[in-house]
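*Asks:* Need the 3D shape of this:
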Amino acid sequence: MKKSLIALAVLSAVAGAAQAQSSVTVYGLVDMGLQRQEIGATRANGATPATASSTTTALDSGNQSGSRLGFKGSEDLGGGLKANFKLEMGVFADTGASQGGKTFGRQSYVGLSGDFGAVNFGRQYTPMFIAVDSFDPFSTGMTSGTAGSSTSTFGAAAYFEPNVVGPRKDNSVTYSTNDLGGFTANLMYGMGNETPGNNQSGRYLSMSAAYTAGPLFLTGVYSDSQAASGKFATRSSLFAATYDFSVVKLAGAYSYIKDEGTTLVALKRDVYSIGATVPVGAAGNFLVNYITTKNKNHEIADADASQAAIGYTHSLSKRTNIYTSYSYDRNGMGANFGSADSTPTFHPVAGGATIKMFNVGIRHMF
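*Replies:* Predicted structure coming up:
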């Protein structure tokens, strides 16, 4: 009897230790808000607008942040080595549907981490999107959306993230360094469409670096994405910085994008952004941002665009906040920036459109 009790105690201790070495967390976010959007069209040299004006009022999910349900975990393999995974699904909380028709369309990856950094395999955020999210005062939300399309906002990424790339890549391999005295770096290689006989179809390569020193944050990114044919490419580079003065946090960014597309006329543009986050008391933040994109290829006429946005967020607790914002986008007749929906089509409006968007909502994290 005594030996049995000792054996049972040993087994219980081993089981407890094994359980302590592994962990799985269930987490999520529900964001819901009212959105009112007016889409019109500018006139070029007295020309008739490209489309008639329209107004949409909708209850949308994911205005500040996409609503989601996720599972993440890790297992301690010993010697500082860990196995990690994340499965995150996007949810249209206003209808209960899944985002983009994918079960785990936001992220789904598995990998290893240790003293060498981390290597992950699966569907993951691109280094470019991560960089834009780091400096955009609106954190790639609240602006640049399409009312009525549920998870609809895309923030500054609607200007900085090329259409053919998107915020996530399937079939991707990433390597991330650990924090090296404030310096971090990321590398992503996307296998693309995995088309037999055409390894370049949808292939994606990107690298980024960031440096943090107290209130200063710097980041730079380069990306190269091949089209489905494998014959055309979109290449972009970005440099951004933020500095927190306590009373105000300033952010600025510049990007050069060359999109060869599927025609002989390549899109070349410079994108500039300047913004600020101003704390209001202990719980509030006033947000402001201005983005402009300048056409560099004069074979494409009247292709400049800009966005001005203001907003406010107020925390009711550590997990719940309310928000509101207003953004105004103006496009030349050869541009259609400032709109984004829940499909890979980030700019579904016609060229020359003006877009006014107002929203007010609540976000709860768990």
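
*Asks:* Low-confidence stretches in the stretch 201-350 of the chain?
*Replies:* Along the stretch 201-350 of the chain, segments meeting pLDDT under 70 span 230-231, 261-266, 340-348.

*Asks:* Ala83 looks like it's in a strand, true?
*Replies:* Yes. Under DSSP: H, G, I helix; E, B strand; the rest coil, Ala83 falls within a strand.

*Asks:* wait, isn't it in contact with Lys72?
*Replies:* No. Judged on Cβ atoms under 8 Å, Ala83 makes no contact with Lys72 at a distance of 11.9 Å. For the C-beta atoms, the positions are set from N, CA and C on the backbone; glycine is no exception.

*Asks:* ranges for the helices of the stretch 101-250 of the chain?
*Replies:* 127-135, 157-160 (DSSP state H, counting those that start in this stretch).

*Asks:* Columns mean neighbour count and mean pLDDT on top of these, output as a markdown table?
*Replies:* Shown next, in a markdown table, are those (neighbours: other Cβ atoms under 10 Å; pLDDT from 0 to 100):
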| stretch | mean neighbour count | mean pLDDT |
| --- | --- | --- |
| helix 127-135 | 23 | 96 |
| helix 157-160 | 26 | 90 |
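
*Asks:* Dump the ones you listed into TSV; add distance to Asp270 as well.
*Replies:* Converted to TSV, those look like this (distance: least, Cβ to Cβ, whole Å):
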stretch	distance to Asp270
helix 127-135	16
helix 157-160	11
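
*Asks:* Gly166 is nearest to which of those?
*Replies:* Closest to Gly166 of the helices of the stretch 101-250 of the chain is helix 127-135 (Cβ to Cβ; 8.1 Å).

*Asks:* How far off centre is that closest one?
*Replies:* Centroid separation for helix 127-135 versus its chain: 7 Å, with Cα atoms, centre = their mean, to the nearest Å.

*Asks:* CA atoms only for it, dumped as CSV, please.
*Replies:* C-alpha atoms of helix 127-135 as CSV (Å, rounded to 0.1, in the frame of the first residue of the first chain):
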residue,chain,number,x,y,z
PRO,A,127,6.4,42.4,-42.5
MET,A,128,5.0,45.4,-44.4
PHE,A,129,1.6,45.1,-42.7
ILE,A,130,3.3,44.7,-39.3
ALA,A,131,5.3,47.9,-39.9
VAL,A,132,2.3,49.9,-41.0
ASP,A,133,0.4,48.8,-38.0
SER,A,134,3.3,50.0,-35.8
PHE,A,135,3.2,53.6,-36.9
